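Participant: Test case, fold it:
(one chain, ligands or ions: 2)
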Amino acid sequence: MSLFPDLAETLPDGVRLWRRRLAPGAQMALLDDVARTLEAAPPYRPQMRTGAYVINRMSNCGSLGWISDTRGYRYEPLHPETGKAWPPIPVELGRIGADCTREAGFADYEPDACLINIYEASGKLNLHRDYDEADFRWPVVSFSLGADAEFLLGGFKRADPTHRLVLHSGDILVFGGPSRLRYHGVRKIFPGTSPVDHSVLPEGGRINLTLRRAR
Ligand code: MD6
Ligand code: FE
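Facilitator: Ligands and ions are numbered 1, 2, ... in the order given. Below is the predicted model:
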């Protein structure tokens, strides 16, 4: 049984999905911004509290970045390996995020953090909630670039049923309101399905950007 019966494109309250909001040219421009960002803040593989390494490589931009290490999860102003401040959120990324949040009914969204998740073809992301931000009234805005991904949208308990959603390059998801604390994850990547070819994308892989208001 599905939590969201007949979820063709009917998503639960607080979740808005724009399919292919970004045309291939705009995707390439954002990937250029990502490439510049990653030169300033090289991707790295964080550890979790357990000591195990996160599957995907990560980096951040914005005044704060989401990090994980053996002490747990939190936002920090400095890259944990270079010790340098995270580079700024690219202007165009911030502008598109503001447009989408406004259309979704959130005025004056000013993200201070953007997590960059880099998926190899075999990448995935376990079910989780975005739970380290100060004020859950602000939504998270997610940008998909590269290969398609099977995204799982769950309920408010980890064991709740999940709904499957395929995210494509150029899709933008606003995740907020009453859905802000839903469990979600990426079950798999569909390697080789990217409509754009950019050197910053791992072979067959995908990059996800999530804008947040951390503080
Ligand atoms: C991803 N996304 O699409 C992972 N979190 O690769 C997320 O974890 C996420 O898409 C919060 C809000 C929207 C998301
Ligand atoms: Fe998330």
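Participant: touching ligand 1 at all, stretch 176-188?
Facilitator: Yes: using C-beta under 6 Å from any ligand atom, stretch 176-188 reaches ligand 1 at 184, 186. From N, CA and C alone the C-beta is placed, and that goes for glycine too.
Participant: next one: that stretch to chain centre, how far?
Facilitator: The chain centre lies 11 Å from the centre of stretch 176-188; the measure is C-alpha atoms, centre = their mean, to the nearest Å.
Participant: likewise stretch 87-104?
Facilitator: 13 Å.
Participant: what do you get for stretch 32-41?
Facilitator: Per C-alpha atoms, centre = their mean, the displacement of stretch 32-41 from the mean C-alpha position of its chain is 16 Å.
Participant: What lies in contact with that stretch?
Facilitator: 59-61, 65, 79, 82, 84, 86-87, 90, 92-93, 116, 145, 198-200, 207, 209 (C-beta atoms under 8 Å, 6 or more residues apart in numbering).
Participant: change it to 7 Å
Facilitator: 59, 60, 61, 79, 86, 87, 90, 92, 93, 116, 200, 207 (C-beta atoms under 7 Å, 6 or more residues apart in numbering).
Participant: Next: stretch 48-58.
Facilitator: Contact with stretch 48-58 is made by 43-47, 68, 70, 72, 115-119, 123-125, as judged by C-beta under 7 Å, 6+ apart.
Participant: Pull out the buried residues from those residues.
Facilitator: 43, 44, 46, 68, 115, 116, 117, 118, 119, 123, 124, 125 (16 or more other C-beta atoms under 10 Å).
Participant: okay if I get these as TSV plus pLDDT and secondary structure?
Facilitator: As requested, these are exported to TSV (pLDDT from 0 to 100; DSSP: H, G, I helix; E, B strand; the rest coil):
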residue	pLDDT	secondary structure
43	98	coil
44	98	strand
46	97	coil
68	97	strand
115	98	strand
116	98	strand
117	98	strand
118	98	strand
119	98	strand
123	98	coil
124	98	coil
125	98	strand
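Participant: Widest-spaced pair of these?
Facilitator: Of all pairs drawn from those, the one with the longest distance (C-beta to C-beta) is 44 and 124, at 18.3 Å.
Participant: returning to that earlier point: the contacts of stretch 32-41 into a markdown table, with extra columns for distance to ligand 1 and secondary structure?
Facilitator: Listed next are these as a markdown table, based on distance: C-beta to the nearest ligand atom, whole Å; DSSP: H, G, I helix; E, B strand; the rest coil:
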| residue | distance to ligand 1 | secondary structure |
| --- | --- | --- |
| 59 | 14 | strand |
| 60 | 14 | strand |
| 61 | 16 | strand |
| 79 | 20 | coil |
| 86 | 18 | coil |
| 87 | 20 | coil |
| 90 | 18 | coil |
| 92 | 19 | helix |
| 93 | 15 | helix |
| 116 | 10 | strand |
| 200 | 15 | coil |
| 207 | 8 | strand |
